[in-house]
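[1] how would this look folded up:
(chains A, B, C and D)
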2 protein chains.
Amino acid sequence: MTTRCPHIIDDDAAVRDALAWLLKAHDIDSVVWSSAGDFLQQSEPTSCGCLIVDIRMPEMSGIELFDRIRRQSGDLPVIFLTGHGDVPMAVQAIKDGAFDFLEKPVDEVLLIDRVRAALRLGGERANVAAHNQEIQSLLKELTIREREIMECVLNGKLNKVIADELGIAMRTVEVHRSRVFEKMGVRSAVELSQLLSSVN
Amino acid sequence: MTTRCPHIIDDDAAVRDALAWLLKAHDIDSVVWSSAGDFLQQSEPTSCGCLIVDIRMPEMSGIELFDRIRRQSGDLPVIFLTGHGDVPMAVQAIKDGAFDFLEKPVDEVLLIDRVRAALRLGGERANVAAHNQEIQSLLKELTIREREIMECVLNGKLNKVIADELGIAMRTVEVHRSRVFEKMGVRSAVELSQLLSSVN
DNA sequence: GCTTCCATTGTGGATTTCCGCAAACAACAA
DNA sequence: TTGTTGTTTGCGGAAATCCACAATGGAAGC
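    The predicted structure follows:
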C-alpha cells in the first residue's frame, strides 16, 4: 500500500534515463535497473507497481524475465518496449499475459497512458493478491481434520452425512465445523463458500 | 454438441479453398464464407467451432467482425490471418481476446496446431456457455420476491433476519427460500452459492 | 514427567431450518 | 366470473444446527 511506481529495466543507460525523465515530467516517479537480474534480486517487491522492459537485452531477454516475474513477483503488469519486435513475439507476449507491447520509438502520450493504466491494474492485482494471501494464511491455520470437514461442508453435506462418511460422531463434526468457521472468520457455510470462491 | 468445425472467412476464393483443402488433408472439415457479413447472417451458430479470418477484407475488417462476433455468437475463438499485419494490430487483437494472430504465409503445421487448439477451446467455451445459459434460464423462472430472498440467503442472512428486514413473516421467507432451492435445483444455500459463483 | 495441541465424544438445551397442510388476498387473464 | 399466479401467513412437528460445559486419549515437544 506504499508508493508503487513503475520500474524500468533497460541495459542502455541513456534510454532508461530518458524514460525515467519522461515519466517524471508527468509526475510519475520510477526506479531504474540496468538488468533483469538486478531487478529480480534487489528490487523491493512492494515498491513495484508495473514494469517497463526493453526486450532486446543481453544476459536475459524480456520474455525470459517475464517468466520469472510470473513466479516470483506475482503478476506484475509488464509493458514491453522493443526496437526490433515482430508480430509473433508480440502475440506471444500478450498471450502470456503481458500488459502491453510497444514499439520504439514509442509515442510519449501513448506510453504515459499505458503506464498509468498498468499502475492502476497493478494496484488492483496487489489488492487481490493481498486478499488471497490473507485467506491462504487463514487456511494454513486449519488442522488436517478441519480442512477435511471443511471440504465436506463446502460440498453441502449435512453434519450427519459427514459423520457417517468419516466414521466419527456427529458431535465431533460439529466441533470441527465450528472451529473452521471461527478460524476462517465466517459465520455460515455460505460465507465460507463465497470467501473461497475467489481463490479456488 | 453437433459437429463443430472451423469456419473460414476470406474474400479470396483461392485462399479460402486452399485453407479448406489444407484442413481437410488433416481430417478437419470446414465451412467457407466469402465475407464477414455472409457469415454473420447465414451461419448456423451451433456449427461453428472456431473462426479463421483474413484481416484484409473489403466490406468489413477482421477487427470489426471480431467485435460483432463478441456480441452475437458468444466467444468463438478467432484466428486472424494477415499478410500485412503490424505489431500494434496484433497486440490489439490478442488483447481483445483473439485466439491467435498469424502472418501469411503461415506454416502449415503451426496453423493446424492452432486450429485444433482453437476447436478444443471453442468446445470448452460452448460447454461453459451452455451451462451459464441453463443457470440463466433457471434464474428467469424466479419471481421478483424469490430473487430478493435469494440475494439475502446468498449473503448468509438467517431467515429471521431476512423476515425482519423485509417486514414479512418468517414463514413467508421459508416458503420463498424453499421455492428458490426447488427452482434452482439445489438442496442447500451452499450449493446455490457455488452454482452461481461461476456466473456472477 | 509435564504441557500443549489435536481429535474425539457426551449431555442437554436454545435456536434454526425444513416441510406438509391450510388459507387469505390481490392482480391479471381467459 | 372463473382460474391462475404471486405473495402472504399460521400451526405444528421433525430434523438439523449451534453451543456451553465437561472429559478422554494420543502424539509431540520441553
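
[2] Can you give me the neighbour number for A:G83?
    12 (other Cβ atoms under 10 Å in any protein chain shown). Quick note: C-beta positions are derived from backbone N, CA and C, even for glycine.

[3] now do A:I9
    For A:I9, the neighbour count with other Cβ under 10 Å is 28.

[4] What parts of chain A come near DNA strand C?
    A:T143, A:I144, A:R145, A:E146, A:L166, A:I168, A:A169, A:R171, A:T172, A:V175, A:H176 (Cβ under 7 Å from any atom of the strand).

[5] Apart from its chain neighbours, what residue comes closest to the last one?
    Nearest residue to A:H176 in three dimensions, chain neighbours excluded: A:I149, at 4.2 Å (Cβ to Cβ, 6 or more residues apart in numbering or on different chains).

[6] List the buried residues for the helix or strand encompassing that neighbour?
    Secondary structure assignment for A:I149, by DSSP states H and E: helix A:144-154. Along helix A:144-154, these residues count as buried under the neighbour rule (16 or more other Cβ atoms under 10 Å in any protein chain shown): A:R145, A:E146, A:E148, A:I149, A:M150, A:C152, A:V153, A:L154.

[7] Could you check how far A:C48 is from chain B?
    22 Å (Cβ to the nearest Cβ, to the nearest Å).

[8] you'd agree that residue is up against A:L76?
    Yes - A:C48 is within contact range of A:L76, at 6.0 Å (criterion: Cβ atoms under 8 Å).

[9] Spit out the residues that contact the two alike.
    A:G122 (Cβ atoms under 8 Å, 6 or more residues apart in numbering or on different chains).

[10] now the strands for chain A?
    A:5-9, A:31-33, A:48-54, A:78-82, A:100-103 (DSSP state E).

[11] List the pairing partners of the first one within its sheet, with orientation.
    Each strand that pairs with strand A:5-9, with its direction, by DSSP bridges: strand A:31-33 (parallel), strand A:48-54 (parallel).

[12] Compute the inter-axis angle for that strand and strand A:78-82.
    Interaxial angle, strand A:5-9 versus strand A:78-82 (axes from the mean of the first three to the mean of the last three Cα atoms, to 10 degrees): 40 degrees.

[13] Can you name the residue of chain A nearest DNA strand D?
    Taking Cβ to the nearest atom of the strand, DNA strand D has its nearest neighbour within chain A at A:N159, 3.2 Å off.

[14] Next up, the contacts around the closest residue to that residue other than its chain neighbours.
    If the residues on either side of it in the chain are set aside, A:N159 comes closest to A:V173, at 4.7 Å by Cβ to Cβ, 6+ apart. Shown in contact with A:V173 (Cβ under 8 Å, 6+ apart): A:I149, A:N159, A:I162, A:A163, A:L166.

[15] Could you list the alpha-carbon positions for stretch A:182-200 in PDB?
    Extracted C-alpha coordinates of stretch A:182-200, given in PDB (Å, rounded to 0.1, in the frame of the first residue of the first chain):
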ATOM      1  CA  GLU A 182     -14.100 -19.400  13.800                       C
ATOM      2  CA  LYS A 183     -10.700 -19.700  12.200                       C
ATOM      3  CA  MET A 184     -11.900 -18.500   8.800                       C
ATOM      4  CA  GLY A 185     -13.800 -15.600  10.300                       C
ATOM      5  CA  VAL A 186     -17.100 -16.500   8.900                       C
ATOM      6  CA  ARG A 187     -20.400 -17.300  10.500                       C
ATOM      7  CA  SER A 188     -22.000 -19.700   8.000                       C
ATOM      8  CA  ALA A 189     -21.200 -22.200   5.300                       C
ATOM      9  CA  VAL A 190     -22.400 -19.700   2.600                       C
ATOM     10  CA  GLU A 191     -20.000 -17.100   3.700                       C
ATOM     11  CA  LEU A 192     -17.200 -19.700   3.700                       C
ATOM     12  CA  SER A 193     -18.100 -20.800   0.200                       C
ATOM     13  CA  GLN A 194     -18.100 -17.200  -1.100                       C
ATOM     14  CA  LEU A 195     -14.900 -16.400   0.700                       C
ATOM     15  CA  LEU A 196     -13.100 -19.300  -1.000                       C
ATOM     16  CA  SER A 197     -14.800 -19.000  -4.400                       C
ATOM     17  CA  SER A 198     -12.400 -16.200  -5.400                       C
ATOM     18  CA  VAL A 199      -9.400 -18.300  -4.500                       C
ATOM     19  CA  ASN A 200     -10.300 -21.700  -5.800                       C
END
